[in-house]
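Undergrad: Only the shape, not the letters, is given here:
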Ligand SMILES: NC(=O)C1=CN([C@@H]2O[C@H](COP(=O)(O)OP(=O)(O)OC[C@H]3O[C@@H](n4cnc5c(N)ncnc54)[C@H](OP(=O)(O)O)[C@@H]3O)[C@@H](O)[C@H]2O)C=CC1
Ligand SMILES: Nc1nc(=O)c2c([nH]1)NC[C@@H]1CN(c3ccc(C(=O)N[C@@H](CCC(=O)O)C(=O)O)cc3)C=[N+]21
Ligand SMILES: [Mg+2]
(Lines give C-alpha, C1' and ligand atoms only; values in the text may rest on other atoms or scores of the structure.)
(Ligands and ions follow the chains in the order given, each with its own letter.)
Protein backbone atom coordinates (compact mmCIF):
# COMPACT_ATOMS: atom_id res chain seq x y z
CA UNK A 1 0.00 0.00 0.00
CA UNK A 2 1.13 3.53 -0.73
CA UNK A 3 1.14 6.05 2.14
CA UNK A 4 0.07 9.38 0.65
CA UNK A 5 2.14 12.06 2.39
CA UNK A 6 0.93 14.79 0.09
CA UNK A 7 -2.69 14.20 1.08
CA UNK A 8 -1.87 13.78 4.78
CA UNK A 9 0.12 17.01 4.69
CA UNK A 10 -2.80 18.82 3.06
CA UNK A 11 -5.14 17.55 5.77
CA UNK A 12 -2.73 18.73 8.48
CA UNK A 13 -2.41 22.16 6.83
CA UNK A 14 -6.21 22.50 6.62
CA UNK A 15 -6.42 21.81 10.36
CA UNK A 16 -3.61 24.28 11.07
CA UNK A 17 -5.30 26.99 8.98
CA UNK A 18 -8.30 26.83 11.34
CA UNK A 19 -6.05 26.96 14.41
CA UNK A 20 -4.13 29.92 12.97
CA UNK A 21 -7.40 31.80 12.36
CA UNK A 22 -8.49 31.11 15.96
CA UNK A 23 -5.10 32.23 17.30
CA UNK A 24 -5.25 35.44 15.28
CA UNK A 25 -8.74 36.37 16.41
CA UNK A 26 -8.00 35.56 20.06
CA UNK A 27 -4.60 37.26 20.43
CA UNK A 28 -4.53 39.72 17.52
CA UNK A 29 -1.16 38.23 16.54
CA UNK A 30 -0.38 36.69 13.16
CA UNK A 31 2.15 33.84 13.47
CA UNK A 32 5.26 34.51 11.43
CA UNK A 33 8.14 32.46 10.06
CA UNK A 34 11.48 33.86 8.92
CA UNK A 35 13.60 31.65 6.69
CA UNK A 36 17.26 32.50 6.07
CA UNK A 37 18.96 31.02 3.06
CA UNK A 38 22.66 31.56 2.40
CA UNK A 39 23.99 31.01 -1.11
CA UNK A 40 22.57 29.80 -4.33
CA UNK A 41 21.74 26.09 -4.27
CA UNK A 42 18.76 25.74 -6.70
CA UNK A 43 17.28 22.77 -4.80
CA UNK A 44 17.26 24.81 -1.59
CA UNK A 45 15.48 27.65 -3.36
CA UNK A 46 12.67 25.34 -4.54
CA UNK A 47 12.23 24.02 -1.01
CA UNK A 48 12.17 27.57 0.40
CA UNK A 49 9.67 28.69 -2.26
CA UNK A 50 7.28 25.85 -1.27
CA UNK A 51 7.62 26.78 2.39
CA UNK A 52 6.86 30.45 1.73
CA UNK A 53 3.77 29.64 -0.34
CA UNK A 54 2.31 27.17 2.17
CA UNK A 55 3.05 29.44 5.13
CA UNK A 56 1.00 32.22 3.52
CA UNK A 57 -1.76 29.83 2.42
CA UNK A 58 -2.59 28.93 6.03
CA UNK A 59 -2.63 32.56 7.11
CA UNK A 60 0.82 33.03 8.57
CA UNK A 61 3.40 35.67 7.67
CA UNK A 62 6.42 34.45 5.73
CA UNK A 63 9.67 36.39 5.56
CA UNK A 64 12.47 35.15 3.38
CA UNK A 65 16.00 36.49 3.81
CA UNK A 66 18.35 35.56 0.97
CA UNK A 67 22.03 36.17 1.67
CA UNK A 68 25.02 35.82 -0.66
CA UNK A 69 27.33 32.82 -0.36
CA UNK A 70 30.16 35.01 1.02
CA UNK A 71 28.08 36.05 4.06
CA UNK A 72 30.23 35.86 7.21
CA UNK A 73 29.41 33.88 10.33
CA UNK A 74 29.44 37.12 12.34
CA UNK A 75 26.95 38.74 10.01
CA UNK A 76 24.62 35.77 10.38
CA UNK A 77 25.04 35.80 14.16
CA UNK A 78 24.12 39.47 14.41
CA UNK A 79 21.12 38.95 12.12
CA UNK A 80 19.95 36.14 14.40
CA UNK A 81 20.35 38.35 17.46
CA UNK A 82 18.15 40.94 15.78
CA UNK A 83 15.49 38.34 14.87
CA UNK A 84 15.64 36.80 18.37
CA UNK A 85 14.82 40.23 19.82
CA UNK A 86 12.06 41.01 17.32
CA UNK A 87 8.67 40.19 18.90
CA UNK A 88 7.00 40.05 15.49
CA UNK A 89 9.21 37.08 14.51
CA UNK A 90 7.95 33.80 16.01
CA UNK A 91 9.80 31.13 14.03
CA UNK A 92 13.35 31.22 12.65
CA UNK A 93 14.76 28.63 10.24
CA UNK A 94 18.27 28.74 8.82
CA UNK A 95 18.40 26.53 5.75
CA UNK A 96 21.13 23.86 5.96
CA UNK A 97 23.73 23.04 4.83
CA UNK A 98 25.54 26.36 5.28
CA UNK A 99 28.65 27.32 3.31
CA UNK A 100 31.81 25.65 4.66
CA UNK A 101 33.23 28.82 6.21
CA UNK A 102 30.26 29.04 8.59
CA UNK A 103 30.08 26.88 11.72
CA UNK A 104 26.61 25.33 11.61
CA UNK A 105 26.50 24.38 15.27
CA UNK A 106 27.40 27.96 16.30
CA UNK A 107 24.53 29.25 14.18
CA UNK A 108 22.02 26.73 15.51
CA UNK A 109 23.04 27.55 19.11
CA UNK A 110 22.44 31.24 18.43
CA UNK A 111 18.74 30.78 17.65
CA UNK A 112 16.36 31.48 20.54
CA UNK A 113 15.13 27.94 21.43
CA UNK A 114 11.53 29.25 21.66
CA UNK A 115 11.80 30.33 17.99
CA UNK A 116 13.76 27.27 16.80
CA UNK A 117 11.11 25.76 14.51
CA UNK A 118 13.61 23.18 13.19
CA UNK A 119 14.05 21.85 16.73
CA UNK A 120 17.81 21.61 16.20
CA UNK A 121 18.94 23.71 19.20
CA UNK A 122 20.47 21.66 22.05
CA UNK A 123 17.72 22.93 24.36
CA UNK A 124 15.08 21.33 22.14
CA UNK A 125 16.99 18.12 21.39
CA UNK A 126 17.75 17.85 25.12
CA UNK A 127 14.06 18.18 25.98
CA UNK A 128 13.22 15.52 23.40
CA UNK A 129 15.99 13.25 24.71
CA UNK A 130 14.84 13.71 28.32
CA UNK A 131 11.16 13.36 27.47
CA UNK A 132 10.49 16.84 28.87
CA UNK A 133 7.50 18.81 27.64
CA UNK A 134 7.78 21.94 25.56
CA UNK A 135 10.28 20.78 22.96
CA UNK A 136 10.03 21.99 19.39
CA UNK A 137 10.52 18.62 17.67
CA UNK A 138 12.39 18.35 14.32
CA UNK A 139 9.95 18.44 11.41
CA UNK A 140 11.03 15.49 9.27
CA UNK A 141 11.06 13.04 12.22
CA UNK A 142 7.59 14.25 13.27
CA UNK A 143 6.41 13.66 9.71
CA UNK A 144 7.89 10.14 9.68
CA UNK A 145 6.06 9.13 12.87
CA UNK A 146 2.77 10.65 11.69
CA UNK A 147 2.98 8.67 8.44
CA UNK A 148 3.87 5.44 10.25
CA UNK A 149 0.88 5.95 12.57
CA UNK A 150 -1.38 6.67 9.65
CA UNK A 151 -0.86 3.11 8.47
CA UNK A 152 -0.33 1.32 11.79
CA UNK A 153 -2.68 3.25 14.07
CA UNK A 154 -1.83 5.24 17.18
CA UNK A 155 -0.08 2.49 19.13
CA UNK A 156 3.40 1.60 17.90
CA UNK A 157 4.47 -0.03 21.16
CA UNK A 158 6.68 -3.10 20.96
CA UNK A 159 7.29 -2.74 17.24
CA UNK A 160 10.88 -3.04 16.09
CA UNK A 161 11.91 0.16 14.33
CA UNK A 162 15.17 0.19 12.38
CA UNK A 163 16.51 3.62 11.41
CA UNK A 164 19.18 3.90 8.73
CA UNK A 165 21.13 7.11 9.32
CA UNK A 166 22.19 8.98 12.47
CA UNK A 167 22.25 12.65 11.49
CA UNK A 168 21.16 15.29 14.00
CA UNK A 169 18.49 16.40 11.52
CA UNK A 170 16.76 13.09 10.84
CA UNK A 171 18.28 9.81 12.09
CA UNK A 172 18.86 10.60 15.77
CA UNK A 173 15.66 12.55 16.43
CA UNK A 174 13.43 10.07 14.57
CA UNK A 175 14.97 7.25 16.65
CA UNK A 176 14.23 9.23 19.82
CA UNK A 177 10.60 9.85 18.78
CA UNK A 178 10.09 6.17 17.95
CA UNK A 179 11.55 5.24 21.34
CA UNK A 180 9.05 7.62 22.93
CA UNK A 181 6.35 5.69 21.05
CA UNK A 182 7.60 2.54 22.84
CA UNK A 183 9.22 1.01 19.77
CA UNK A 184 12.33 -1.11 20.16
CA UNK A 185 14.77 1.00 18.17
CA UNK A 186 17.89 0.02 16.26
CA UNK A 187 19.98 2.88 14.83
CA UNK A 188 22.24 1.95 11.92
CA UNK A 189 24.83 3.93 9.91
CA UNK A 190 27.72 3.64 7.48
CA UNK A 191 29.79 1.48 9.84
CA UNK A 192 26.97 -0.97 10.60
CA UNK A 193 27.67 -4.62 9.83
CA UNK A 194 25.00 -6.80 8.22
CA UNK A 195 22.77 -3.83 7.41
CA UNK A 196 20.39 -5.82 5.15
CA UNK A 197 19.88 -8.48 7.85
CA UNK A 198 19.10 -5.84 10.49
CA UNK A 199 16.67 -4.05 8.19
CA UNK A 200 14.93 -7.33 7.49
CA UNK A 201 13.95 -7.51 11.17
CA UNK A 202 12.17 -4.15 11.08
CA UNK A 203 8.43 -3.75 11.55
CA UNK A 204 9.07 -0.06 10.80
CA UNK A 205 12.00 0.77 8.52
CA UNK A 206 13.07 4.41 8.28
CA UNK A 207 15.65 5.15 5.57
CA UNK A 208 17.47 8.50 5.95
CA UNK A 209 20.74 8.03 4.12
CA UNK A 210 20.94 9.96 0.87
CA UNK A 211 21.79 7.02 -1.42
CA UNK A 212 19.33 6.44 -4.26
CA UNK A 213 17.51 3.08 -4.03
CA UNK A 214 19.94 1.68 -1.40
CA UNK A 215 17.22 -0.43 0.23
CA UNK A 216 16.23 -3.43 -1.89
CA UNK A 217 13.27 -5.81 -1.64
CA UNK A 218 15.30 -8.44 0.20
CA UNK A 219 16.09 -5.93 3.00
CA UNK A 220 12.39 -5.60 3.77
CA UNK A 221 10.37 -7.87 6.02
CA UNK A 222 7.05 -9.06 4.64
CA UNK A 223 4.36 -6.60 5.71
CA UNK A 224 6.74 -3.95 7.11
CA UNK A 225 5.97 -0.22 7.14
CA UNK A 226 8.64 1.60 5.14
CA UNK A 227 9.26 5.33 5.63
CA UNK A 228 11.56 6.72 2.93
CA UNK A 229 13.16 10.05 3.90
CA UNK A 230 15.72 10.16 1.10
CA UNK A 231 15.60 12.90 -1.52
CA UNK A 232 17.99 11.98 -4.32
CA UNK A 233 18.12 13.60 -7.72
CA UNK A 234 19.06 11.12 -10.42
CA UNK A 235 19.43 11.34 -14.20
CA UNK A 236 17.29 8.87 -16.15
CA UNK A 237 18.42 7.00 -19.27
CA UNK A 238 16.50 9.61 -21.26
CA UNK A 239 18.62 12.35 -19.68
CA UNK A 240 15.87 13.84 -17.54
CA UNK A 241 16.35 14.40 -13.80
CA UNK A 242 13.96 12.95 -11.27
CA UNK A 243 13.63 12.50 -7.52
CA UNK A 244 13.97 9.07 -5.94
CA UNK A 245 14.19 7.93 -2.34
CA UNK A 246 16.66 5.76 -0.44
CA UNK A 247 14.37 2.77 -1.05
CA UNK A 248 13.78 1.02 -4.34
CA UNK A 249 10.05 1.77 -4.28
CA UNK A 250 8.98 -0.60 -7.06
CA UNK A 251 10.85 -3.55 -5.52
CA UNK A 252 9.90 -2.83 -1.91
CA UNK A 253 6.23 -2.18 -2.73
CA UNK A 254 5.62 -5.88 -3.34
CA UNK A 255 7.15 -6.97 -0.03
CA UNK A 256 6.07 -4.30 2.43
CA UNK A 257 2.74 -3.60 4.08
CA UNK A 258 2.99 0.09 3.25
CA UNK A 259 5.56 2.53 1.90
CA UNK A 260 5.90 6.29 1.51
CA UNK A 261 6.70 7.48 -2.04
CA UNK A 262 9.32 10.02 -3.11
CA UNK A 263 8.20 12.60 -4.03
CA UNK A 264 4.89 12.89 -2.18
CA UNK A 265 5.78 11.17 1.09
CA UNK A 266 7.89 12.55 3.93
CA UNK A 267 8.83 15.78 2.11
CA UNK A 268 5.39 17.43 2.18
CA UNK A 269 4.94 16.30 5.80
CA UNK A 270 8.19 18.07 6.74
CA UNK A 271 6.78 21.37 5.55
CA UNK A 272 3.39 20.79 7.22
CA UNK A 273 5.17 20.03 10.52
CA UNK A 274 7.26 23.19 10.09
CA UNK A 275 4.01 25.17 9.95
CA UNK A 276 2.80 23.30 13.05
CA UNK A 277 6.01 24.26 14.87
CA UNK A 278 5.63 27.87 13.76
CA UNK A 279 2.19 28.05 15.38
CA UNK A 280 3.69 26.42 18.52
CA UNK A 281 6.46 29.06 18.48
CA UNK A 282 3.85 31.83 18.21
CA UNK A 283 2.19 30.31 21.30
CA UNK A 284 5.62 30.29 23.02
CA UNK A 285 5.82 34.03 22.41
CA UNK A 286 2.72 34.60 24.57
CA UNK A 287 4.63 33.27 27.59
CA UNK A 288 7.41 35.81 27.23
CA UNK A 289 5.14 38.86 26.85
N1 LIG B 1 12.12 14.53 3.09
C2 LIG B 1 12.64 15.44 3.88
O3 LIG B 1 11.93 16.27 4.38
C4 LIG B 1 14.09 15.45 4.16
C5 LIG B 1 14.89 14.63 3.43
N6 LIG B 1 16.22 14.56 3.68
C7 LIG B 1 16.98 13.58 2.91
O8 LIG B 1 17.24 12.46 3.74
C9 LIG B 1 18.51 11.91 3.45
C10 LIG B 1 19.37 11.93 4.70
O11 LIG B 1 19.55 13.24 5.13
P12 LIG B 1 20.55 13.61 6.33
O13 LIG B 1 20.21 12.82 7.53
O14 LIG B 1 20.57 15.08 6.41
O15 LIG B 1 21.93 13.08 5.69
P16 LIG B 1 23.40 12.95 6.30
O17 LIG B 1 24.30 12.86 5.14
O18 LIG B 1 23.62 13.99 7.34
O19 LIG B 1 23.37 11.55 7.04
C20 LIG B 1 23.33 10.35 6.34
C21 LIG B 1 23.42 9.18 7.28
O22 LIG B 1 23.42 7.99 6.50
C23 LIG B 1 24.48 7.14 6.91
N24 LIG B 1 24.99 6.37 5.78
C25 LIG B 1 25.71 6.79 4.72
N26 LIG B 1 25.98 5.78 3.89
C27 LIG B 1 25.45 4.68 4.43
C28 LIG B 1 25.40 3.32 4.06
N29 LIG B 1 25.98 2.89 2.93
N30 LIG B 1 24.76 2.46 4.87
C31 LIG B 1 24.18 2.89 6.00
N32 LIG B 1 24.18 4.15 6.41
C33 LIG B 1 24.80 5.04 5.64
C34 LIG B 1 25.54 8.07 7.45
O35 LIG B 1 26.35 7.32 8.35
P36 LIG B 1 27.60 7.98 9.16
O37 LIG B 1 26.98 8.76 10.27
O38 LIG B 1 28.36 6.80 9.62
O39 LIG B 1 28.32 8.85 8.17
C40 LIG B 1 24.70 9.14 8.10
O41 LIG B 1 24.40 8.82 9.45
C42 LIG B 1 19.04 12.74 2.28
O43 LIG B 1 18.67 12.13 1.07
C44 LIG B 1 18.32 14.06 2.43
O45 LIG B 1 18.20 14.75 1.21
C46 LIG B 1 16.78 15.27 4.71
C47 LIG B 1 16.03 16.12 5.45
C48 LIG B 1 14.63 16.31 5.22
N1 LIG C 1 17.20 24.03 8.42
C2 LIG C 1 16.76 23.07 7.59
N3 LIG C 1 15.61 22.42 7.87
C4 LIG C 1 15.14 21.44 7.03
O5 LIG C 1 14.08 20.83 7.31
C6 LIG C 1 15.87 21.14 5.84
C7 LIG C 1 17.05 21.86 5.60
N8 LIG C 1 17.47 22.80 6.49
N9 LIG C 1 17.79 21.60 4.49
C10 LIG C 1 17.33 20.69 3.47
C11 LIG C 1 16.47 19.59 4.04
C12 LIG C 1 15.64 18.93 2.99
N13 LIG C 1 14.26 19.22 3.33
C14 LIG C 1 13.16 18.96 2.52
C15 LIG C 1 11.88 19.30 2.89
C16 LIG C 1 10.81 19.09 2.06
C17 LIG C 1 10.99 18.53 0.82
C18 LIG C 1 9.82 18.32 -0.08
O19 LIG C 1 8.76 18.89 0.10
N20 LIG C 1 9.96 17.49 -1.14
C21 LIG C 1 8.92 17.21 -2.12
C22 LIG C 1 9.44 17.39 -3.54
C23 LIG C 1 10.00 18.74 -3.85
C24 LIG C 1 10.60 18.80 -5.25
O25 LIG C 1 9.92 18.38 -6.20
O26 LIG C 1 11.76 19.26 -5.34
C27 LIG C 1 8.47 15.78 -1.98
O28 LIG C 1 9.24 14.96 -1.43
O29 LIG C 1 7.37 15.46 -2.41
C30 LIG C 1 12.25 18.15 0.44
C31 LIG C 1 13.33 18.36 1.28
C32 LIG C 1 14.24 19.96 4.46
N33 LIG C 1 15.45 20.19 4.93
MG1 LIG D 1 29.23 24.09 6.92
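TA: Now that the structure is in, tell me what you want to look at. Predicted model, so just to flag it, every value in this text is computed and none were measured. Ligands and ions are numbered 1, 2, ... in the order given.

Undergrad: which residues touch whichever residue of the stretch 101-250 of the chain sits closest to ligand 3?
TA: Nearest residue of the stretch 101-250 of the chain to ligand 3: residue 104, at 5.0 Å (CB to the ion). (Glycine included, C-beta is placed from N, CA and C.) Taking CB atoms under 8 Å, 6 or more residues apart in numbering as the criterion, residue 104 is in contact with 96, 97, 98.

Undergrad: and the worst-scoring helix or strand of the chain on mean pLDDT, does that touch ligand 1?
TA: Lowest by mean pLDDT, DSSP states H and E among the helices and strands of the chain is helix 42-57, with a mean of 85. No - Helix 42-57 stays clear of ligand 1 (CB under 6 Å from any ligand atom), getting no nearer than 8.5 Å.

Undergrad: Following the chain past that helix, name the next helix or strand.
TA: For helix 42-57, the following helix or strand on the C-terminal side (DSSP states H and E) is strand 61-67.

Undergrad: Give me the distance from that next one to the chain's centre.
TA: 19 Å (CA atoms, centre = their mean, to the nearest Å).

Undergrad: I'd like the next helix or strand past that strand.
TA: Following strand 61-67 in sequence, per DSSP H and E, is helix 73-84.

Undergrad: Please identify the buried residues of that next one?
TA: 73, 76, 77, 79, 80, 83 (16 or more other CB atoms under 10 Å).

Undergrad: which parts of the protein sit against ligand 3?
TA: The chain comes close to ligand 3 at residues 98, 100, 104, as judged by CB under 5 Å from the ion.

Undergrad: burial count for the first one?
TA: One way to gauge burial is a neighbour count; for residue 98, by other CB atoms under 10 Å, it gives 21.

Undergrad: That one reaches residue 36, doesn't it?
TA: No - Residue 98 is not in contact with residue 36 according to CB atoms under 8 Å; the separation is 9.5 Å.

Undergrad: anything in contact with each of the two?
TA: What both residue 98 and residue 36 touch, as defined by CB under 8 Å, 6+ apart, is the set residue 76.

Undergrad: excluding its backbone neighbours, what's nearest residue 54?
TA: Leaving aside its sequence neighbours, residue 54 sits nearest to residue 271 (CB to CB, 6 or more residues apart in numbering; 5.7 Å).

Undergrad: three-state assignment of the one you found?
TA: helix (DSSP: H, G, I helix; E, B strand; the rest coil).

Undergrad: Begin at 355, not 1, for the rest of this chat.
TA: Sure, I'll start numbering at 355, so the last one becomes residue 625.

Undergrad: could the buried residues of helix 427-438 go into a markdown table alongside distance to residue 560?
TA: Converted to a markdown table, those look like this (distance: CB to CB, whole Å):
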| residue | distance to residue 560 |
| --- | --- |
| 427 | 33 |
| 430 | 31 |
| 431 | 34 |
| 433 | 34 |
| 434 | 31 |
| 437 | 32 |
